[in-house]
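Engineer: Need coordinates for the following:
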Amino acid sequence: MIDIQSVQRWRKGGILVGGVLLLGCTMFITPWPSLDHPAEQLGLVAIAVCVIGRAWCSLYIGGRKKQEIVSTGPYSVSRNPLYVFSFIGAFGMGAQSGLTVGIAFAFACWVVFRIVVDWEERFLTDAFGRPYEDYRNSTPRFLPDPSLWRDDAEVVVRPAFFIRTIRDGSVFLLALPLFEAIEAIQRFQGFHTLVQLP
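Structural biologist: You can find the predicted model right below:
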């Protein structure tokens, strides 16, 4: 049986290593001047959507992932809405250095989560059997289908999990000072970027 905790540690480690590598690459990339500020603003909106969306998802999942199949609210339209909001946040982070970098960050995030979701789905299939297979067959993995929306009259909220999700989502906000620092470094005499991307 798959250990879900080790899968989550792998996910966090993969995102950290990939993020550091991508961030390092952005040192040598500058956005087209005409798209610089609109891309940053779009990125800020994406980061805000990410933080709010992840918090919304946490109200439903609330640490219950290993105990039951959560299939209402955002989990009724996508099996992994928390990860979908993370893709949006990754795009927002990268967009601080241009649209192309934003797309690269979102794609890298998708690659990591795609691997993690395969492991998680094996764990959930082992844990819940047929009910999870039915949910998996009726609900898209990532791309939400709003026509599937269904909700509960009440949701039990676990404040500790909600606060942790807000804290984890706030990491996306670090993109702002990080990319500003990269831009400051790029303005130094003698530092040359290798490529200019949209």
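Engineer: where are the low-confidence patches of the protein?
Structural biologist: Within the chain, the ranges that satisfy pLDDT under 70 run 1-36, 63, 189-198.
Engineer: and the top helix by length along it, what does it pack onto?
Structural biologist: In the chain, assigned by DSSP state H, the helix with the most residues is helix 99-128. Packing partners of helix 99-128 (3 or more C-beta pairs under 8 Å, 6 or more residues apart in numbering; DSSP states H and E): helix 4-26, strand 29-31, helix 36-61, helix 81-94, helix 130-138, strand 195-197. For every residue, glycine as well, the C-beta is placed using N, CA and C.
Engineer: Would you mark the buried spots in it?
Structural biologist: 99-106, 108-110, 112-113, 116-117, 119-121, 123-124, 127-128 (16 or more other C-beta atoms under 10 Å).
Engineer: Likewise for stretch 60-76?
Structural biologist: Here stretch 60-76 shows Y60, I61, G62, K65, I69, V70, S71, G73, P74, Y75, S76 as buried, counting by 16+ other C-beta under 10 Å.
Engineer: Which of the residues you listed fall within helices?
Structural biologist: Among these, the residues falling in helices (DSSP H) are Y60, I61, P74, Y75, S76.
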